[in-house]
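>>> I need the structure of the sequence given here:
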Amino acid sequence: MSDPYETTEAHLDRLLGRALNSFDLPDALVERLGTALAHSSSLYTTHHSPSAGLWRETHRHTYLLPDGTAVSLWELAYRLKGDRSTRCEVYPDKDGLRLAVARVFGETPSDGALSPLGEGEDEDGTERDLALLGSLFAASPQERHREYTVEQSADHARRVLRRAENADRPGERVATLLRSAYAHQITQAFGGRQCLADGRDAGFSLYEHSFVLLDGTELSLWEVEHTATPDGRHMCEVYESEAAARGAMELRTRVR
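Residues are numbered from 1 along each chain as shown. This next block holds a predicted model:
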């Protein structure tokens, strides 16, 4: 977390001090930044891949110069598999940031991966690429990649818990933990399937709501949406584990 009372000079010194490649920045740019009057920092993207043991975030640091112009530095912070230490690199533009991601992680992020977090998302922050749902359906939780959205995540968790109608939904302990959520992702683990419930058709979907807490830990809620109700109305149930959620689905129906 940034210090709201930190001076712009101290902030810049700290950023350049932790960046492994700060010596690559043009001298003229560093000199201009040294005259900055104010600064603002924001988390731009965050990506977690538990199965691969990888983690990365990108941050945008913007500096206001005396002539009224603004200059941004783009920071890549990451941890590699088997290494708990965080490494940082800084670039004067997003092109350099993209190349760094490709070099470090062996991938070239899509335009959306380096777009402002939350831009173009609906109220619930639904996943941006629906084409991934087919592969996610067959994947285990450990195989699913995390591409989190930083956007009112604690409020999203509150809404998910509030709409749960099952008596064994997560309790106050989980609700308290989720009040510190700052990023989240929604993936569909099972969906769009017609099933038989009490001899009639019913629709079932299963969603994983993954959250990142302020201490860096991850926590998921598993939401079952179905119409296996006496009057055929839509119902939501929420569970702490995928096994519990799938078990609840099996109690209500059999998949064709």
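
>>> Where does His11 sit, in terms of helix or strand?
helix 8-18 (DSSP states H and E).

>>> what is the mean pLDDT for that helix?
On average, the pLDDT along helix 8-18 is 92.

>>> For that helix, buried residues please.
The neighbour-count check on helix 8-18 (16 or more other CB atoms under 10 Å) flags Thr8, His11, Leu12, Leu15, Leu16 as buried. In this view, the C-beta of every residue, glycine as well, is placed from N, C-alpha and C.

>>> do stretch 17-24 as well
Buried residues in stretch 17-24 (16+ other CB under 10 Å): Ala19.

>>> what's it in contact with?
Leu16, Glu75, Arg87, Cys88, Glu89, Val90 (CB atoms under 8 Å, 6 or more residues apart in numbering).

>>> Of those residues, which pair is most distant in space?
Among the contacts of stretch 17-24, the pair separated by the greatest distance (CB to CB) is Leu16 and Arg87, at 14.6 Å.

>>> Apart from its neighbours in sequence, what residue is nearest Glu242?
Setting aside the residues directly before and after it, Glu242 is nearest to Trp222 in space (CB to CB, 6 or more residues apart in numbering), at 5.3 Å.

>>> before we move on, the earlier item: out of the buried residues of helix 8-18, flag the one nearest to Ala175.
Of those, the one sitting nearest to Ala175 (CB to CB) turns out to be His11, at 35.1 Å.

>>> Verify the stated contact: that closest one with Ser40.
No - applying CB atoms under 8 Å as the test, His11 and Ser40 come out as separate, 9.7 Å apart.

>>> Identify the contacts common to those two.
Both His11 and Ser40 are in contact with His61, where contact means CB under 8 Å, 6+ apart.

>>> Helix, strand, or coil at Thr35?
Here Thr35 is coil, with the state taken from DSSP: H, G, I helix; E, B strand; the rest coil.

>>> In PDB, list the C-alpha atoms belonging to stretch 154-167.
Coordinates of each C-alpha in stretch 154-167 appear next as PDB, following Å, rounded to 0.1, in the frame of the first residue of the first chain:
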ATOM      1  CA  ALA A 154     -15.900  -6.500  -1.200                       C
ATOM      2  CA  ASP A 155     -19.300  -5.200  -2.300                       C
ATOM      3  CA  HIS A 156     -19.500  -8.000  -4.900                       C
ATOM      4  CA  ALA A 157     -18.900 -10.600  -2.300                       C
ATOM      5  CA  ARG A 158     -21.600  -9.100  -0.100                       C
ATOM      6  CA  ARG A 159     -24.100  -9.300  -2.900                       C
ATOM      7  CA  VAL A 160     -23.300 -12.900  -3.600                       C
ATOM      8  CA  LEU A 161     -23.800 -13.900   0.000                       C
ATOM      9  CA  ARG A 162     -26.900 -11.800   0.300                       C
ATOM     10  CA  ARG A 163     -28.700 -13.600  -2.600                       C
ATOM     11  CA  ALA A 164     -27.800 -17.100  -1.200                       C
ATOM     12  CA  GLU A 165     -31.000 -18.900  -0.100                       C
ATOM     13  CA  ASN A 166     -29.500 -22.200   1.300                       C
ATOM     14  CA  ALA A 167     -29.400 -22.600   5.000                       C
END
